[in-house]
Every structure is written in structure tokens, then in C-alpha cells.
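Q: Turn this into a structure:
(one chain, ligands or ions: 2)
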Amino acid sequence: MAEQKATNVHWHEGEVNREDRAHLLGQKGATIWFTGLSGSGKSTVAVALEQALLREGKLAYRLDGDNVRMGLNKNLGFSAEDRTENIRRIGEASKLFADAGILCLNSFISPYIADRDIVRHLHDEGNLAFIEVFVDVSLDEAEKRDPKGLYKKARAGEIKNFTGIDDPYEAPVNPEIHLHTDNMTLDEEVDIIMAALRQRGLLSA
Ligand SMILES: Nc1ncnc2c1ncn2[C@@H]1O[C@H](COP(=O)(O)OS(=O)(=O)O)[C@@H](OP(=O)(O)O)[C@H]1O
Ligand SMILES: Nc1ncnc2c1ncn2[C@@H]1O[C@H](COP(=O)(O)OP(=O)(O)O)[C@@H](O)[C@H]1O
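A: Ligands and ions are numbered 1, 2, ... in the order given. Prediction:
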């Protein structure tokens with residue numbers, strides 16, 4: 001966990017609270033965290049879920065590994081330390097979105113259990129829902145899909161420390177949702193998540 005460097009800083013409370021925002025939006029903010037190998041379907045499922053939510057008049061916002069690494073986290077690579085810092089920053093950003101009342105859909109490999117647990121703890125502390133979605137795929141199937149040609153490059157030694165090839169992926173032990181994308185359809189996956197959001201009361205104020 002990153003240490004706080006600044007001293008003499010104080011939380012400034014506003015006059016508009018989370019419940020006010022929930023009533024305004026007709027929903028509760030939460031973090032839906034997709035974790036899985038490259039090519040497992042994290043981005044594909046988040047994009048489809050965002051559309052399904054929009055159809056029901058619910059506001060979501062996606063944070064995606066590739067996109068965030070072009071901006072906020074452009075100074076980070078793929079060492080274990082950098083991946084940890086990547087997830088820490090996204091976890092904090094996602095907590096802000098959730099507090100704002102938005103359903104924040106995060107698609108990050110996030111290969112380390114400890115890093116994901118830190119983000120979960122951050123949300124627990126803030127009394128915000130954190131839903132971990134394990135986007136499960138066999139390495140074999142992910143390599144067959146290889147949507148960006150990255151496995152091919154990793155096998156050829158052109159990319160080092162590629163998750164699943166020569167870098168670790170620690171699967172969730174007890175995720176809220178487990179999607180087996182080798183043999184589920186995208187529609188089924190979206191339906192499962194929508195049902196979970198509804199069941200937790202997140203789609204109403
Ligand atoms: N070495 C290595 N290992 C894994 N992934 C790599 C690597 N190099 C580049 N990429 C591309 O970066 C995307 C993963 O970024 P993330 O921010 O999700 O990674 S992490 O959570 O910090 O592990 C990942 O996106 P997805 O394929 O969508 O998972 C790749 O496009
Ligand atoms: N059941 C499924 N769920 C999600 N994606 C699937 C599924 N079956 C096949 N795919 C395909 O797998 C690929 C996943 O790519 P992507 O969403 O970019 O993965 P990630 O974001 O995890 O790297 C896409 O080309 C998608 O169409």
C-alpha cells in the first residue's frame with residue numbers, strides 16, 4: 001500500500017451527499033471489477049454491459065487497461081511494482097466514480113490477488129459495493145483468440161513478462177461473479193451481471 005507523503009491535510013466534507021446523488025441518478029454507484037487474462041473478454045463484456053445499462057437508463061463509465069495506460073498511467077510498465085501501482089491508482093479513481101454515483105466498469109488484467117484485495121478493502125472502508133468478476137478463459141482459448149496478436153509476439157519473445165506466458169496470473173478465490181467465457185455467450189454473461197446488480201439494489205436509488 002502506498003504511503004501518504006503529505007502531512008497536514010484534512011478531509012473537506014460537502015453539503016451534497018451520496019444519497020442525494022443516488023436520488024438524482026436513480027441508481028447507486030459501485031465498482032464492477034473485471035479481472036482475467038489478456039483476451040479473456042474483459043473489455044468485450046464491459047462494453048456490452050455499458051450498453052445494456054444505458055438501455056435501462058443507468059449511467060456507467062468504463063476504465064480500461066490499454067486506455068488508462070495511454071493517459072493517467074502512461075508512466076507505468078508491466079513490472080510487478082508497476083502493475084501494483086497501476087491497480088492502486090485505478091482503484092482510487094474507481095472509488096471516486098462509485099462515490100459520484102456511477103457504475104464504474106474496470107477492465108484490467110490485475111493479476112495479483114493482493115492488489116485486488118486492496119481495492120476491495122478501499123471500497124469496504126468507503127461503504128461502496130465492489131463486485132469482482134472473474135473473466136475466466138483457458139490459456140489455450142485466449143491464445144486462439146489473440147485479438148491483438150500479443151500472444152504470438154510473447155511466444156516469439158518480442159514481448160517479455162506477458163501475463164500467462166512468462167508472468168503470473170493469480171485467479172480469484174471467491175469472486176462475486178465467475179464467467180466461463182470458453183463456453184458462455186456474451187449475452188449470458190451480461191445477463192448474469194445485470195441480475196447481480198439488480199439483486200444488490202444498485203439499479204435503483
Ligand atoms: N507484458 C504484458 N502483459 C500483459 N498485458 C500487456 C503486456 N504488454 C502489453 N500489454 C497490454 O496491456 C494490457 C494490460 O494492461 P493492464 O493495465 O490491464 O495490466 S495490469 O492490470 O497492470 O496487469 C493488455 O490488455 P488486454 O489484452 O485487454 O488485457 C495488453 O493489451
Ligand atoms: N463468451 C465470450 N465473452 C467475451 N468475449 C468473447 C467470448 N467469446 C469470444 N470472445 C472474443 O474474445 C475476445 C476478447 O477480447 P477482449 O475483450 O479485448 O479481451 P480482454 O479485454 O480481456 O483482453 C473478443 O474478440 C471477443 O469477441
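
Q: so where do the strands sit in this protein?
A: 30-35, 60-64, 103-107, 129-136, 177-180 (DSSP state E).

Q: Next, format those as JSON lines and append mean neighbour count.
A: For the C-beta atoms, the positions are set from N, CA and C on the backbone; glycine is no exception. Shown next, in JSON lines, are the strands of the chain (neighbours: other C-beta atoms under 10 Å):
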{"stretch": "strand 30-35", "mean neighbour count": "28"}
{"stretch": "strand 60-64", "mean neighbour count": "18"}
{"stretch": "strand 103-107", "mean neighbour count": "26"}
{"stretch": "strand 129-136", "mean neighbour count": "22"}
{"stretch": "strand 177-180", "mean neighbour count": "17"}
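
Q: could you dump those to CSV with mean pLDDT?
A: As requested, the strands of the chain are exported to CSV (pLDDT from 0 to 100):
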stretch, mean pLDDT
strand 30-35, 99
strand 60-64, 98
strand 103-107, 98
strand 129-136, 99
strand 177-180, 99
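
Q: With distance to D82 as new columns, can those be given to me in CSV?
A: Shown next, in CSV, are the strands of the chain (distance: least, C-beta to C-beta, whole Å):
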stretch, distance to D82
strand 30-35, 17
strand 60-64, 17
strand 103-107, 17
strand 129-136, 22
strand 177-180, 27
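
Q: Need those strands in CSV (columns: distance to ligand 1).
A: Formatted as CSV, the strands of the chain follow (distance: least, C-beta to the nearest ligand atom, whole Å):
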stretch, distance to ligand 1
strand 30-35, 8
strand 60-64, 7
strand 103-107, 6
strand 129-136, 10
strand 177-180, 15
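
Q: Tell me which of those sits nearest to T163.
A: strand 30-35 (10.7 Å; C-beta to C-beta).

Q: strands paired with that closest one, and their directions?
A: Note on strand 30-35: by DSSP bridges, its sheet partners are strand 103-107 (parallel), strand 129-136 (parallel).

Q: Which one of the strands of the chain lies nearest to R89?
A: Nearest to R89, of all the strands of the chain, is strand 60-64, at 10.1 Å by C-beta to C-beta.

Q: in stretch 66-74, what counts as buried?
A: If you call a residue buried by 16 or more other C-beta atoms under 10 Å, then stretch 66-74 has these buried ones: V68, R69, N73.

Q: among those, which are in helices?
A: V68 (DSSP state H).

Q: Make a markdown table out of the buried residues of stretch 66-74 and add pLDDT and distance to ligand 1.
A: Below are those laid out as a markdown table (pLDDT from 0 to 100; distance: C-beta to the nearest ligand atom, whole Å):
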| residue | pLDDT | distance to ligand 1 |
| --- | --- | --- |
| V68 | 97 | 7 |
| R69 | 97 | 6 |
| N73 | 98 | 7 |
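
Q: so how far is ligand 1 from L186?
A: 16 Å (C-beta to the nearest ligand atom, to the nearest Å).

Q: residues contacting that residue?
A: Contact analysis of L186 by C-beta atoms under 8 Å, 6 or more residues apart in numbering lists G41, T44, V45, A48.

Q: Make TSV out of the residues you listed and add distance to ligand 1.
A: Output for the contacts of L186, formatted as TSV (distance: C-beta to the nearest ligand atom, whole Å):
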residue	distance to ligand 1
G41	9
T44	9
V45	11
A48	15
